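In: Give me a 3D structure for the following:
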Amino acid sequence: MFRSLLAAGLLLALTPAHAHAQAFQAGDTAGGVGVGVGGSYYRYGNYYGFRPTLSLMYDRGTAVPVGPGVLGIGGYFSYTNRRIYNDFTYWVEDKRYDFWNFGFRGTYHWNSWHKVENWDVYAGIGLGFTVTTYTDRSTYSSSFYENLYRRNFNARSPVRSSLFVGTRYYFTDFLGVFAEVGYDTSFLTAGLQLKF
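Out: Residues are numbered from 1 along each chain as shown. Take a look at the predicted model:
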């Protein structure tokens, strides 16, 4: 009898619990920490080296009736930088651009078509702005070439829009991974996902 109870207890302890019928519902809160590649940023000359985009995302499920899915409202923050380096005869161009991105996101989660409880599929749009900081460490062989080649940086419009699709998979009720592709602060982002 004791062995049967012990075996049943171990079986229940090892069986993952599922608190939700779907991976994202009204009232759920999800947060992601990711690393991305690519992205649309100010470009002049050739970038030097690989610069990933670090990002934080937040998503809250609402009770707004939108068909078979769930509407999520949230926000994002991301950071990346680019360096331009060129070694010319009379001057060395060495400039760095830091991009700080903030904004709001709306997501639509549609999971009723599949039978996997821990799998979340969504698409979304975003609207935000970019703050760009600029550092010029260029050197010139003389003041003549400095006056000739020095360029002033004029930031483009800081308003940023995005369109993306993504997926999340939860290994437990609160911990998982995610991946997103689209026209955003990076073209491909993946990372760790938490659900509260």
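In: CA only for contacts and neighbour counts going forward, please
Out: Fine.
In: Now do the helices in the protein.
Out: For the chain, the helices defined by DSSP state H cover 2-14, 143-149.
In: Which strand residues bridge the residue positioned nearest the centre of the chain?
Out: With distances taken as CA atoms, centre = their mean, the chain has residue 55 as the residue nearest its mean C-alpha position (4.5 Å). Residue 55 has these beta-bridge partners by DSSP bridges: residue 34, residue 78.
In: what residue ranges in this protein score low on pLDDT?
Out: Along the chain, segments meeting pLDDT under 70 span 1-21, 42-50, 156.
In: same thing but at 50, please
Out: Along the chain, segments meeting pLDDT under 50 span 1-20.
In: Next, the contact list for residue 122, please.
Out: Residue 122 is in contact with 107, 108, 109, 110, 165, 166, 167, counting by CA atoms under 8 Å, 6 or more residues apart in numbering.
In: can you do 6 Å?
Out: Applying CA atoms under 6 Å, 6 or more residues apart in numbering to residue 122 gives the contacts 108, 109, 165, 166.
In: Filter the residues you listed down to the ones in strands?
Out: The strands, defined by DSSP state E, take in 108, 109, 165, 166 from these.
In: Most neighbours among these, which one is it?
Out: Neighbour counts for these, by other CA atoms under 10 Å, peak at residue 109, which reaches 24 neighbours.
In: Residue 70 is in contact with that residue, correct?
Out: Yes: counting by CA atoms under 6 Å, residue 109 does reach residue 70; the two are 5.1 Å apart.
In: can you tell me how far residue 151 sits from residue 142?
Out: Counting by CA to CA, to the nearest Å, the separation of residue 151 from residue 142 is 15 Å.
In: just the strands in this structure please.
Out: Under DSSP E, the chain gives strands at 29-37, 53-61, 70-87, 91-109, 119-136, 139-140, 159-170, 175-183, 188-195.
In: do you know which of the ones you listed lies nearest residue 146?
Out: Of all those, strand 139-140 sits nearest to residue 146, with 5.5 Å by CA to CA.
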